[in-house]
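In: Sequence below, structure please.
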Amino acid sequence: MQFQVPQFIETEDKIVGSLTLKQFLYLAAGGGLCFLLFFFLNFVLWLMVAMVIMTVAASFAFIKINGRPLTMAAMGALSFYWKPRLYLWQREGEAQKPAIPAMAETKAERAKSLLDNLWEQLKTNKEPLPKREKVIQPSLLDRTKSSKERFEMMRKITGEREIARRVDYR
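Out: The predicted structure is shown next:
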C-alpha cells in the first residue's frame, strides 16, 4: 500500500492571483484604510498618508527577514521593547570577604582528599596521568595486528584528534 507524502509544506497556497491570503489581507487592509481616509483628509495630506500606509502594508506583505515574515520581526521587536528586562549590577568597590584560615588536616583526611582528587582526574581528564597510565601509541592503527579489533584516528567537532576502536555490528 503506497501513501502520498505531502511536499512543499512550508510554502503557502496562492489564493488571489499570485498572492497568498495573508499578503492579500495586508494589502486590502491598507487600501481600505486609505479609502476611508480619503473622505476625511485634504487631498495632498491624504496622498502623503496613503503613501506611508501602502508602503507599510506592502512591506508587511512581501518583506522577509532571514526567511521569516516582517510581522514576526516586528512582534519580536515590540516584545523586546515592551517586556521588562533584568539588569544585574555588582558594585566594583565592594569589600572583599576575609579568607577563612585552613584548619589543620589529619593524615587520613589529607590522604582521602588526594585520592578523591586523583579519582576526579582519572574520570575527567583525557590526558594520561604521568607515571600512572600508559599512552596509547599510534601503532594501534595498524590493521594487520588484529582482524577483529580495528582502531581508527577520529577527528572530533572541536578539531582534536582521538584514537577510537571501531565496532561493526554486522
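In: Next, give phi and psi for Lys14.
Out: Backbone dihedrals for Lys14, given as degrees, to the nearest 10, come out at phi -90, psi 120.
In: didn't it look like it was pressed against Lys22?
Out: No - with contact defined as Cβ atoms under 8 Å, Lys14 does not count as touching Lys22 (11.3 Å). (Glycine included, C-beta is placed from N, CA and C.)
In: any idea how this structure splits into domains?
Out: If you go by automatic domain parsing, the domain ranges for the chain are 14-81, 135-170.
In: Out of those domains, point me to the one whose mean pLDDT is lowest.
Out: Least confidently modelled of those is domain 135-170, at a mean of 61 by mean pLDDT.
In: Dig out what Val16 forms beta bridges with.
Out: Leu19 (DSSP bridges).
In: can you pull out the strands in the chain?
Out: Counting by DSSP state E, residue ranges of the strands within the chain are 14-16, 19-20, 64-65, 68-69, 150-155, 161-166.
In: I would like the residues contacting the longest helix along the chain, please.
Out: The longest helix of the chain (DSSP state H) is helix 43-62. Helix 43-62 is contacted by residues 19, 22-23, 26-27, 29-31, 33-34, 37-38, 41, 69-71, 74 when judged by Cβ atoms under 8 Å, 6 or more residues apart in numbering.
In: Could you turn the buried ones of the residues you listed into a ChimeraX selection?
Out: The ChimeraX command for the buried members of the contacts of helix 43-62 (criterion: 16 or more other Cβ atoms under 10 Å) is given here:
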select :19,23,26,27,30,33,34,69,70
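In: coming back round to it: CA atoms only for the longest helix of the chain, dumped as CSV, please.
Out: Written as CSV, here are the backbone C-alpha positions of helix 43-62 (Å, rounded to 0.1, in the frame of the first residue of the first chain):
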residue,chain,number,x,y,z
PHE,A,43,-6.0,65.6,-1.0
VAL,A,44,-2.3,66.5,-0.5
LEU,A,45,-2.3,65.3,3.1
TRP,A,46,-4.2,62.1,2.1
LEU,A,47,-1.7,61.4,-0.7
MET,A,48,1.2,61.5,1.8
VAL,A,49,-0.5,59.5,4.4
ALA,A,50,-1.7,56.9,1.8
MET,A,51,1.8,56.5,0.5
VAL,A,52,3.1,55.8,4.0
ILE,A,53,0.2,53.3,4.8
MET,A,54,0.6,51.4,1.5
THR,A,55,4.4,51.2,1.9
VAL,A,56,3.9,49.7,5.4
ALA,A,57,1.2,47.3,4.1
ALA,A,58,3.4,46.2,1.1
SER,A,59,6.4,45.7,3.4
PHE,A,60,4.3,43.6,5.8
ALA,A,61,3.0,41.6,2.9
PHE,A,62,6.2,41.0,0.9
